[in-house]
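**Student:** Prediction below, plus the sequence it came from.
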Amino acid sequence: MKTVMFIGYGSMARKVHEMLPKNVKLSTVLASPRSANHLTIEMGESINVITSVDDLLEVPDIAIEMAGQDGLKEHGIKILERNIPLGIVSVGAFTDEKFAISLHDAAKRHGVKIHILAGAVAGIDGINAASLAGLSKVIYQGRKSPSSWKGSYADKLIDYDSLKKATVFFTGTAREAATLFPANSNVAATIALAGVGLDETQVELIADPTLSHNIHHIIAEGIFGKLEISITGLPLAENPKTSSLAAFSALRLCHQIDQALQI
Ligand SMILES: NC(=O)C1=CN([C@@H]2O[C@H](COP(=O)(O)OP(=O)(O)OC[C@H]3O[C@@H](n4cnc5c(N)ncnc54)[C@H](O)[C@@H]3O)[C@@H](O)[C@H]2O)C=CC1
Ligand SMILES: O=C([O-])CC(=O)C(=O)O
């Protein structure tokens with residue numbers, strides 16, 4: 001039996017837990033102090049609920065961060081320092097250069113891998129391979145329903161009541177997008193890290209009142225030719241900001257723990 005630890009136990013982590021393969025067990029949840037008590041009761045005795053890496057009782061085969069950019073910043077380095085490989089979905093934290101360097105250094109020092117998960121998008125492998133030969137342009141367009149943007153910095157940019165059609169409310173770099181929209185634009189950072197970087201990846205964000213799903217559109221051009229990918233992602237029922245594919249990409253990492261053949 002392999003073991004996994006989740007950092008954060010919100011909508012995405014719950015979905016991954018529900019679908020874990022039979023040979024992988026959730027051994028530990030690293031929760032925020034606010035939710036630790038009720039999670040301890042909910043989880044029962046077989047899963048340790050802790051609020052600090054220092055309290056870890058059993059070292060898992062892998063840890064997966066699903067706690068948001070601040071949660072990753074709080075716990076990521078300590079996880080690597082315990083020699084635990086780390087899967088990451090809150091990739092926008094890499095916009096903080098100092099943190100990104102410290103995280104990378106910790107992984108190298110302790111000989112463990114950081115897995116940047118593809119999350120809600122596809123094509124990261126192709127973009128990354130293409131970047132080795134040279135990319136001239138990468139554009140990411142994120143289109144979601146107004147309810148998916150509510151509660152973010154978009155509240156300052158969108159007049160939700162008068163929104164009748166698809167409206168571009170942000171254009172900028174992946175660095176800006178992933179910083180301003182930490183719960184919605186981690187994919188912009190992922191695409192950027194795979195391709196031309198946080199400052200060269202162009203991002204357009206759209207609120208579309210006709211949508212009930214999340215559309216991610218990626219265009220990349222370079223020596224290899226041109227790639228264009230569009231994903232119509234169904235959001236998780238519990239969180240319209242998060243596409244279900246993001247949870248399945250974390251689930252994929254759980255499957256990979258014990259796979260000799262990886263695809
Ligand atoms: N790469 C990608 O494609 C995507 C990445 N994300 C990232 O995944 C994160 C999780 O998504 P959801 O589960 O939908 O969000 P959520 O808001 O439902 O769950 C986040 C959970 O993390 C917990 N948390 C917050 N701070 C923490 C800390 N310091 N330590 C431990 N736990 C902490 C919260 O209590 C909550 O239970 C998002 O915040 C976002 O950063 C989300 C969607 C797609
Ligand atoms: O799940 C999505 O649609 C993308 C998302 O929220 C993110 O990149 O943070």
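**Tutor:** Nice, I can see it. It should be emphasised that the depicted structure is a prediction, and the values quoted were computed from it without experimental measurement. Ligands and ions are numbered 1, 2, ... in the order given.

**Student:** I'd like to know how far the residue of the stretch 101-250 of the chain found nearest ligand 1 sits from Ser249.
**Tutor:** Per Cβ to the nearest ligand atom, Gly119 is where the stretch 101-250 of the chain lies closest to ligand 1, at 2.1 Å. Backbone N, C-alpha and C define where each C-beta goes, glycine included. With distances taken as Cβ to Cβ, to the nearest Å, Gly119 is found 5 Å from Ser249.

**Student:** What of Ser145?
**Tutor:** Ser145 is 21 Å from Ser249, where distance means Cβ to Cβ.

**Student:** Could you do Lys15 as well?
**Tutor:** Distance, Lys15 to Ser249, using Cβ to Cβ: 11 Å.

**Student:** Please apply the same query to Gly10.
**Tutor:** Distance, Gly10 to Ser249, using Cβ to Cβ: 16 Å.

**Student:** try Ala120
**Tutor:** 8 Å.

**Student:** Likewise for Ala260?
**Tutor:** Applying Cβ to Cβ, the value for Ala260 to Ser249 is 20 Å.

**Student:** These two - which one has more neighbours?
**Tutor:** Ser249 (24 against 4; other Cβ atoms under 10 Å).

**Student:** so what pLDDT did Phe248 get?
**Tutor:** Phe248 carries a pLDDT value of 98.

**Student:** I meant Pro240, not that one.
**Tutor:** Note on Pro240: pLDDT of 86.

**Student:** Report the secondary structure element holding it.
**Tutor:** Assigned by DSSP states H and E, Pro240 falls within strand 239-243.

**Student:** So is that strand next to ligand 2?
**Tutor:** Yes: interface with ligand 2: strand 239-243 contributes Lys241, Thr242, Ser243 (Cβ under 6 Å from any ligand atom).

**Student:** my guess is the second one meets Leu234, correct?
**Tutor:** Meaning Thr242. No: the pair Thr242 / Leu234 is not scored as a contact, 10.4 Å apart, by Cβ atoms under 8 Å.

**Student:** what's the distance between Lys78 and ligand 2?
**Tutor:** Lys78 is 23 Å from ligand 2, where distance means Cβ to the nearest ligand atom, to the nearest Å.

**Student:** Validate this expectation: that residue resides in a helix.
**Tutor:** Yes: assigned with DSSP: H, G, I helix; E, B strand; the rest coil, Lys78 falls within a helix.

**Student:** Alright, that wraps it up for me.
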